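**Student:** Based on what follows, work out the 3D shape:
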Amino acid sequence: MNGQFNARFVGRRLAPVLLLAACFGCAPQSDDAPAHLDNELLARSLMATWESADTDAMLDLFWPDATYDDFPNQVTYQGIDEIVAYLTGVHAWGDDVFMNVGRVHAGPDGATAEWVFSALQNRPLGSMMTEGTGREVVLNGVTILEIEGGRIRRAADYSDVVPMLLQLGVEIALPSGDTLSMDDAGN
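**Tutor:** A predicted model of the protein is given here:
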């Protein structure tokens, strides 16, 4: 009698679990799953092209009329030629360019990539730095991508460039008359 009781008891407890497993196992798979994976790969590929300055790869990643917003510098790049110039521009002033991609959050129409950028500033950086400092720059940021048909339609970078300026030795004048420097920032 005890054996029959145990079998019925286990059967009653196991039945709902088996029913749920059958329901989830037979449920149709999401059509978005491949798009999520493709969009994550596209975001990681974009970060790799920043690092390598591979212009051929950049041409494949973007639509010819794509837009790239550089929000920290308040500049919008329109079209593939301007985007390629933006993405390769860091190599004009920096050596040992590295993009460490953290998490990538991908969906069916886009992706967001968290990253840490680093480079050595060995050549002039526009009018801001007229000579190379040899200093390492480390910058955290996020890139948001709008993806259409397997290519980037729009990208937007978000980061805080103040730490970069401080790392390069720039002193920032504050409205109070004080200055902010790397020594003041505690680094």
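**Student:** for the protein, what spans make up the helices?
**Tutor:** Ranges of helices in the chain, per DSSP state H, are 2-26, 32-52, 55-61, 80-93, 162-167.
**Student:** Mind telling me which of those helices the model trusts least?
**Tutor:** Mean pLDDT values for these show the minimum at helix 2-26, a mean of 42.
**Student:** Okay, the residue positioned nearest the centre of the chain and Leu168: tell me how far apart.
**Tutor:** Using CA atoms, centre = their mean, the residue of the chain that lies closest to the mean C-alpha position is Ala113, 2.5 Å off. In this view, Ala113 and Leu168 are 25 Å apart by CB to CB, to the nearest Å. All C-beta atoms are positioned from the backbone trio N, CA, C, and that covers glycine.
**Student:** next one: Ile144
**Tutor:** Look at Ile144 and Leu168: by CB to CB, they are 26 Å apart.
**Student:** now Ala155
**Tutor:** For Ala155, the distance to Leu168 (CB to CB) stands at 25 Å.
**Student:** These two: who's more crowded?
**Tutor:** Neighbours were counted for Ala155 and for Leu168 using other CB atoms under 10 Å; Ala155 has more, 26 against 17.
**Student:** Find the nearest non-adjacent residue to the more buried one, please.
**Tutor:** Spatial nearest neighbour of Ala155, excluding adjacent residues (CB to CB, 6 or more residues apart in numbering): Tyr68 at 4.7 Å.
**Student:** Is it correct that the one you found is in contact with Glu146?
**Tutor:** No: using CB atoms under 8 Å, Tyr68 is not in contact with Glu146; the gap is 10.8 Å.
**Student:** Quick check: neighbours shared by the two?
**Tutor:** Counting by CB atoms under 8 Å, 6 or more residues apart in numbering, the contacts common to Tyr68 and Glu146 are Arg154, Ala155.
**Student:** Counting neighbours around each, name which of the two comes out higher.
**Tutor:** Comparing Tyr68 with Glu146 by other CB under 10 Å, the one with more neighbours is Tyr68, at 24 against 14.
**Student:** separation between the more buried one and Gly132?
**Tutor:** 26 Å.
**Student:** What of His36?
**Tutor:** 42 Å.
**Student:** Tell me who's in contact with the closest residue to Leu42 other than its chain neighbours.
**Tutor:** Distance criterion CB to CB, 6+ apart; nearest residue to Leu42, sequence neighbours excluded, is Ile147 at 6.2 Å. The contact partners of Ile147, by CB under 8 Å, 6+ apart, come to Asn39, Leu42, Asp109, Gly110, Ala111, Arg153.
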